[in-house]
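1. Coordinates for the following, if possible.
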Amino acid sequence: VGDTLREQGLAVPAVGGGTTFLQAKTANEVLKAQERRIRLQKLKGELIERARALALVFRLAREERDAWVNWPARAAALMAAELGVEPVAMQKVLETHVRAQLDSLAEIRTGLA
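-> I've put the predicted structure just below:
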């Protein structure tokens, strides 16, 4: 009851003091209103399940990583021709730098878990 009232900026029972019927009823009404708001947001499609969001973020990150891992093999020959260098050397350099960038991106935390 105290936490619910505090979150709403309402008077909280004193430590060791009892909760009044009015405070308990107010906290109950606040919780019911919050539940209705959440239910309505879900019905409108404004909220999604956490597990679904995590799965989507993971899938998108994996697809992005896979695209970058494959990019040096596709781009190295074209870049090497433009610069007049060996395609194999260009691919190795690109792979090294792409991998380093992916490693640094892997350290980013979403805060969803």
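2. show me where pLDDT drops low in the chain?
-> For the chain, applying pLDDT under 70 flags the ranges 1, 13-18, 112-113.
3. let's see 50
-> Low-confidence regions of the chain, defined here as pLDDT under 50, do not occur.
4. Break down it into its helices, ranges please.
-> 2-7, 21-43, 50-83, 87-106 (DSSP state H).
5. Give me the helices and strands touching the second one, please.
-> Helix 21-43 is packed against helix 2-7, with contacts defined by 3 or more C-beta pairs under 8 Å, 6 or more residues apart in numbering; DSSP states H and E. C-beta: built from backbone N, CA, C; applies to glycine.
6. who touches the helix it packs on?
-> Contacts of helix 2-7 with the rest of the structure, by C-beta atoms under 8 Å, 6 or more residues apart in numbering, involve 11, 12, 13, 19, 23, 26, 27, 30, 31.
7. Check which residues of it are buried.
-> 4, 5 (16 or more other C-beta atoms under 10 Å).
8. please renumber so the chain begins at 9
-> In the new count, where the first residue is 9, that last one comes out as helix 10-15.
9. about what we covered before: buried only: go through the contacts of helix 10-15 for me.
-> For the contacts of helix 10-15, a neighbour count by 16+ other C-beta under 10 Å gives the buried set as 20, 31, 34, 35, 38.
10. Distance of the residue lying farthest from the centre of the chain relative to residue 98?
-> Within the chain, the residue lying farthest from the chain centre (C-alpha atoms, centre = their mean) is residue 92, at 42.8 Å. Going from residue 92 to residue 98 by C-beta to C-beta, to the nearest Å gives 10 Å.
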